[in-house]
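Novice: for reference, the sequence and a predicted model appear below.
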Amino acid sequence: MTAKLFILGSYITDLMMRTPRLPKRGETIFAGPFQVGPGGKGSNQAVAARRAGAAVTFATRVGDDDLGRSALRMFAAEGIDARFAVTDRDGVATGAALIMVEEGSAENMITVAIGACAHFTDAEVDAATAQLAGCDLAIFQLETNLPATLRAIDRAHAAGIRVLLNPAPVQALPDSIYPKLAYATPNETEAASLTGIATDTDAGIAKAAAALLAKGVGTVIMTLGAKGAFVKSRDIETLVPVAPGIKPVDTTGAGDSFAGCFACAIAEGRPLLEAVRFANAGAGLSTTRIGTAPAMAQRAEIDALMASWR
């Protein structure tokens, strides 16, 4: 079956350069190639899910500028339903991210100005979430104005739609929101911030995941980079390793790829651990290419990697 997903989140233009190493405070270093491309956590997850095989409705905000118009063209080219992509008419620019990727390690440093995505109105949220009927899953992040995201989660939960939250960039959340989350996909840093529990050990990772479950989350899938993903539900606690044979060149957007691919797989009806393996495969493939949205894997690639993963 084709998964039907609803996503409300950010579109951000990525301004990326590769560096021999990440600079120290106050230091200027020469960088490698510079490129401009589509990004933003919401948009990246929409592209990842669409390429993985889902039908995606995406609500976002862009500026009335060249970057915003480029975003709308990208949504159309990817086959994403962007009826609820609002163009800001009050002079607020499309969001932008400055990204440095360290050659060799593929680690990155990112700063983000979310621009138009900080100005979702209640009316815009309500218009978009009125279309939730028939969706298998709704996906959210924290790269928009928080009240709008919380309102959208409330409306999805009230409509009986399963909710996945990728809590990034991490910020404090009201306790009332956790029981409305069927799935949460923090990385270890985000999980530590949300729970106050250090996640630098295996025991800490398990304890933080258990704390999120205690807050009311249905299933916690903590992404751990090269270690894989730690899965914690009421009856499952296990580590799902990364896909084999992956040699990362750029990890930017890997968490978004994971969230989008997992949402597609779980909405297709795959068992939990198989859906996590599917997401690890998609995320791993995305790290073998430069960029965020342009690096997201196609379904055929994911299927081929899954078939070779025994």
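Specialist: Received, thanks.
Novice: which residue ranges of the stretch 201-310 of the chain form helices?
Specialist: In the stretch 201-310 of the chain, the helices defined using DSSP state H, counting those that start in this stretch lie at 202-215, 254-267, 272-286, 299-308.
Novice: the shortest one to helix 254-267, inter-axis angle?
Specialist: So that's helix 299-308. Orientation note: helix 299-308 sits at an angle of 80 degrees relative to helix 254-267 (axes from the mean of the first three to the mean of the last three Cα atoms, to 10 degrees).
Novice: could you give the angle of helix 299-308 to helix 272-286?
Specialist: Going by the same axes, to 10 degrees, helix 299-308 makes 120 degrees with helix 272-286.
Novice: ok, and the closest non-adjacent residue to Arg61?
Specialist: Ala116 (4.1 Å; Cβ to Cβ, 6 or more residues apart in numbering). Bear in mind the C-beta positions are built from the backbone N, C-alpha and C, glycine included.
Novice: test my guess that the one you found contacts Asp65.
Specialist: No - using Cβ atoms under 8 Å, Ala116 is not in contact with Asp65, being 9.2 Å away.
Novice: give me the more crowded residue out of the two.
Specialist: Ala116 (28 against 18; other Cβ atoms under 10 Å).
Novice: quick revisit: could you measure the residue nearest to Arg61 against Gly39, distance?
Specialist: 14 Å (Cβ to Cβ, to the nearest Å).
Novice: equivalent analysis for Arg69, please.
Specialist: 16 Å.
Novice: which one of the two has more residues nearby?
Specialist: Per other Cβ under 10 Å, whichever of Arg69 and Gly39 has more neighbours is Gly39, with 30 against 14.
Novice: tell me the pLDDT at the more buried one?
Specialist: At Gly39, the model reports a pLDDT of 90.
Novice: find the nearest non-adjacent residue to Pro241, please.
Specialist: Spatial nearest neighbour of Pro241, chain neighbours left out: Gly228 (4.2 Å); criterion: Cβ to Cβ, 6+ apart.
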